[in-house]
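In: Make a model of this:
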Amino acid sequence: SSETIQNGIDACMHAGLRVCLTGGFKDRGDSHANYGIDVGAYTEYANFAIVTSYVSPAGWGKSLTDVYHAPVTAEDASRFRCPSVDGEELVVYAEDGLVQPCCSVYAGYDMPNLRIGDWRSQSLAELVEAQRADGFFRVVVDGGFKLLYNIVAERAPDLYQHLPDPTAAISSCQLCEMLMTSKYAGRVRSICDDYIADRLVDVIWKNADAIQKLPTTVLNRLT
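Out: Numbers count the residues shown, from 1 in each chain. Model (predicted):
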């Protein structure tokens, strides 16, 4: 209850503890004060902070209606990038061996097109290698969705016209969901795989002379 929260804040502040009051609200302009929580006496203290956010109409919040969220500009969308920057996260699902590259609330069985492999028939090493080699995942992690859209625009202009509008998403995860639940998901992934393969071949050709000078044992490992 708001009374319990108020009592907790008062007790902690009187004890000199650090307090961070957080809240996720559905309506723009809503605040803790609207629920009877008075923190006016603490706002100037260094050990007190307020964090206000808005519930997003995505993930578990999909069922909510009339939820406020700040509009996404084209500049905001151009910075969308998969948050799994280390590229080393695998999530497995027990039901059918599904392995995916993230634990996003948008993933799971709603996004089978994001599948990396099957843990029932592949070793952990094979799954990690599959994740590292996955073109779509590499593009959205390393270069972000701006790079992905540029690649599709260059390689498949017809498909580019049908891709979801990035400004219609509130985050990179939701944009990923919009792409991977569309009927174009398979083609997008195929284009990304080709892009990564072509980039690798290009690097090999540019360094062909140096590669030929490598010891045979190293060349055998590369091939």
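In: Which parts of this structure are helices?
Out: 2-14, 74-78, 124-133, 135-142, 144-155, 157-160, 172-180, 185-206, 208-212, 216-222 (DSSP state H).
In: Please name whichever of those helices is nearest to F48.
Out: helix 2-14 (6.5 Å; Cβ to Cβ). The C-beta positions use only the backbone N, C-alpha and C, and glycine is treated the same way.
In: what helices or strands is that closest one leaning on?
Out: strand 19-25 (3 or more Cβ pairs under 8 Å, 6 or more residues apart in numbering; DSSP states H and E).
In: tell me the angle the strand it packs on makes with helix 2-14.
Out: Angle, strand 19-25 to helix 2-14, by axes from the mean of the first three to the mean of the last three Cα atoms, to 10 degrees: 150 degrees.
In: State the distance from L200 to D193.
Out: Separation of L200 from D193 (Cβ to Cβ, to the nearest Å): 11 Å.
In: For the residue lying closest to L175 once chain neighbours are set aside, grab phi and psi.
Out: Nearest non-adjacent residue to L175, counting by Cβ to Cβ, 6 or more residues apart in numbering: A169, 3.9 Å away. Dihedral pair for A169: phi -100, psi 150, per degrees, to the nearest 10.
In: Show me the shaky parts of this structure.
Out: 56-70, 85-89, 94, 103-110, 211-212, 214, 218-223 (pLDDT under 70).
In: would you turn the helices of the chain into TSV with mean neighbour count?
Out: What follows is the helices of the chain, written out as TSV (neighbours: other Cβ atoms under 10 Å):
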stretch	mean neighbour count
helix 2-14	13
helix 74-78	13
helix 124-133	15
helix 135-142	21
helix 144-155	18
helix 157-160	12
helix 172-180	22
helix 185-206	14
helix 208-212	9
helix 216-222	9
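In: Just send these back as TSV, with distance to Y54 too.
Out: Converted to TSV, those look like this (distance: least, Cβ to Cβ, whole Å):
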stretch	distance to Y54
helix 2-14	19
helix 74-78	15
helix 124-133	33
helix 135-142	25
helix 144-155	22
helix 157-160	31
helix 172-180	14
helix 185-206	29
helix 208-212	53
helix 216-222	51
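In: For V91, find the nearest of the ones you listed.
Out: Short answer: helix 124-133, nearest of those by Cβ to Cβ, at 10.6 Å.
In: Buried by neighbour count: which residues of stretch 29-49 qualify?
Out: By neighbour count on 16 or more other Cβ atoms under 10 Å, the buried set for stretch 29-49 is H32, I37, V39, Y42, F48.
In: For V91, state which of those is nearest.
Out: Comparing every one of the buried residues of stretch 29-49 with V91 (Cβ to Cβ), the shortest separation belongs to H32, at 34.4 Å.
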